[in-house]
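K.L.:
Need coordinates for the below:
(chains A and B)
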Amino acid sequence: MTRPPSIDAELIRYLGELAKLSLPPERSEKLRQKLTALVEAFASLDAADLPEDDAAGAQAGPGELRADRAEPAARAEAALQNAPRTAADSFVVPRVVEP
Amino acid sequence: MADLPAPPTARRLSDEVRTGATTAAAALEAALDRIASADGELGAFCSTFAERARAAADNVDQRRTEGAALGALAGVPVASKDNLLVAGETITAGSRMLTNFDAPYTATSLERLEAHDGVLLGRTNMDEFGMGSTTETSACLRTRNPFGDDLVPGGSSGGSAAAVSADLCPLAIGSDTGGSVRQPAALCGVSGFKPTYGRVSRYGLIAYASSLDCVGAIARTAEDLALWLDCASGRDDADATSRGGAEPTLDGLDERADLQGLRVGVPAELNGAGIDDEVVGVTTAAIDRLRALGAEVVDVALPSVEHAVAAYYLLATSEAASNLARYDGVHYGWRSGDDARTQSAMTTQTRSSGFGEEVQLRILLGTFATSIGYSSQYYEQARRARRAVQRDFAAAFERCDVLVCPTSPTAAPRFGEAADEPLQRYLWDALTVPASLAGLPALSVPAGQTADGRPVGVQLMAQQDRDGLALQVGHVFQQHTDHHLRRPAR
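P.N.:
Below is the predicted model of the structure:
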């Protein structure tokens, strides 16, 4: 059985970067402790003798698929309905290219 | 609850509306009165859809006046969990992230209830994005268990369970990824049903873990849950995992007067270690009752369920980390960091302030489980464990027709219990996640109470697509017991 990895502050920072979460020190340490407990407990799976996964999910899959044809796309008005900031039928985001 | 009369069951109420003994409008106003009177303290509802509901109820009554044939849910007020979309209404999934989100369309599973003349009543509180077993992670409000002010209602569909338990409405819709309908139903003393994976469309359900998510329902009786299933189920082109062709369940409920010829399997792994003594006692008594009703009780083995909690949490959080990537502060919902220098920085600020701590923990766990260097040890092993659980169930069902175990290892915990011990909280799901991993239908029915008056539920699981059998056994049980009729004292 492989030893469970050490969940240190650097790993938490890296995971936060992947997940786009900025974690201030106090929250980072609290989450580190909780994640450590979970990762250590779930490491028992690694030692288990388990069958090959030959099924994708909870069941065999859908009974039938819908016809492969294009459907009308959402109207711009509907797509923008809940956007935090919009302008001229567009989503507004912070500038990403320096002027 | 309060001084107002309890509502009849959904089936009886719809019969009364169809025959003119009452009206949909009267049933709705009674429900709104009960909510106004009792929900201030209880906190089951985030909001009601009063205007929309009154229009729908009036439409039902008008059509009856005109002689139209009304649907199976005629005039029944139906609450829906705050993660099922209702067009034009604010739906938040219990998260600050969606505080300002107005649903652009109605979930298929709710549209079908409206097509059967049900009346959507309001949205019920839940753990944020379904991530919790107590409804404490909601950013909306605190929901209490009607059986005790200091008790949690369970979760994540805690608002739906509390609403039915407190007689605010006869039927409430929830979602069940790892037990989120069955567990709160058990803790609040009502019945809860998770159908076979794919039997009810998830279109319009805010996603948590897509290979596990199911729409389910909570009511006082198994009969009402069969009524709901017949109205809600079926193929939906908008959800590729949905399937049709299932036999109606309600008509078959009364085919059995007893359980003669039925084999009930008791898996030792879900009926012993880690379960409170009082819960074991209630379950044993329920099994004795099933035997007295004619069932043959057999021992079966599910050895792989020892891995079920680990497998479930690794798979669910891995899928959640992907599903929740859509909350980027651009397309909908909460945004923070408009002054950030880049879109990426804005998204990071948005997610860091929009998601609660439990959601952030689960995103980190899922990100960890699927990241290079750890995925073979965690995510891939979890997939194998899921397969092992599925095989164990298949073998068990060669020896029996339904399986029985407690729904939850404990009766309702108190607020804040084990707050900083996620593993202990995750173990509260140990008895419900196996059926979720295998995509099985599972029903929780009230079976008794602890000495201090907290409800205890037992769970009946059946093979895929044998939803009707699980509901039928629950119905027979309820024909011979009165646990489901016991109301909270408040």
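K.L.:
Spell out the residue ranges of the helices in the stretch 51-200 of chain B.
P.N.:
Secondary structure of the stretch 51-200 of chain B, counting by DSSP state H, counting those that start in this stretch: helices at B:108-115, B:158-165, B:182-187.
K.L.:
Tell me which of these approaches chain A most closely.
P.N.:
With CB to the nearest CB as the measure, helix B:108-115 is the member of those nearest chain A (13.5 Å). (C-beta placed from N, C-alpha, C; glycine too.)
K.L.:
ok, that closest one near chain A or not?
P.N.:
No: using CB under 8 Å from any CB of the partner chain, helix B:108-115 stays clear of chain A, coming no nearer than 13.5 Å.
K.L.:
What of stretch B:193-213?
P.N.:
Yes: Stretch B:193-213 lies within reach of chain A by CB under 8 Å from any CB, at B:196-198, B:211-212.
K.L.:
buried set for that stretch?
P.N.:
Within stretch B:193-213, the residues scored as buried using 16 or more other CB atoms under 10 Å in any protein chain shown are B:193-213.
K.L.:
And for stretch B:356-366?
P.N.:
Using 16+ other CB under 10 Å as the test for burial, stretch B:356-366 gives B:356, B:358-366.
K.L.:
Over to stretch B:107-116?
P.N.:
Neighbour counts over stretch B:107-116 (16+ other CB under 10 Å) mark B:107-114, B:116 as buried.
K.L.:
Now do that stretch: everything it contacts.
P.N.:
Contacts of stretch B:107-116 from elsewhere in the structure, counted by CB atoms under 8 Å, 6 or more residues apart in numbering or on different chains, are B:56, B:71-74, B:78, B:80, B:84-86, B:106, B:120, B:173, B:200-205, B:215, B:228, B:231-232, B:234, B:236, B:238-239.
K.L.:
Run through the neighbouring helices and strands of the longest helix along chain A.
P.N.:
Secondary structure assigned by DSSP state H gives helix A:25-42 as the longest helix of chain A. Helix A:25-42 is packed against helix A:9-19, helix B:308-323, helix B:357-369, helix B:422-427, with contacts defined by 3 or more CB pairs under 8 Å, 6 or more residues apart in numbering or on different chains; DSSP states H and E.
K.L.:
contact partners of the second one?
P.N.:
Applying CB under 8 Å, 6+ apart, the contact partners of helix B:308-323 are A:19, A:38, A:41-42, A:44-45, B:129, B:131, B:177-178, B:207-212, B:362-363, B:365-367, B:369-370, B:378-379, B:381-383, B:385-386, B:389, B:426-427, B:429-430, B:433-434, B:436-437.
K.L.:
Correct me if wrong: residue B:463 contacts residue B:439.
P.N.:
No: if you go by CB atoms under 8 Å, residue B:463 and residue B:439 don't touch, sitting 10.1 Å apart.
K.L.:
who has more neighbours, the two?
P.N.:
Counted by other CB atoms under 10 Å in any protein chain shown, residue B:463 and residue B:439 do not tie: residue B:439 has more neighbours, with 25 against 20.
K.L.:
just the helices in the stretch 251-400 of chain B please.
P.N.:
Going by DSSP H, counting those that start in this stretch, the stretch 251-400 of chain B shows helices at B:277-292, B:308-323, B:343-354, B:357-369, B:379-396.
K.L.:
now the fourth one, how far from the centre of its chain.
P.N.:
The chain centre lies 22 Å from the centre of helix B:357-369; the measure is CA atoms, centre = their mean, to the nearest Å.
K.L.:
So which residues make contact with that helix?
P.N.:
The contact list for helix B:357-369, computed with CB under 8 Å, 6+ apart, reads A:11-12, A:15-16, A:18-19, A:21, A:23, A:27, A:30-31, A:34-35, A:38-39, B:95, B:127-129, B:131-132, B:137, B:313-314, B:316-322, B:324, B:352, B:355, B:374-375, B:378-379, B:382, B:422.
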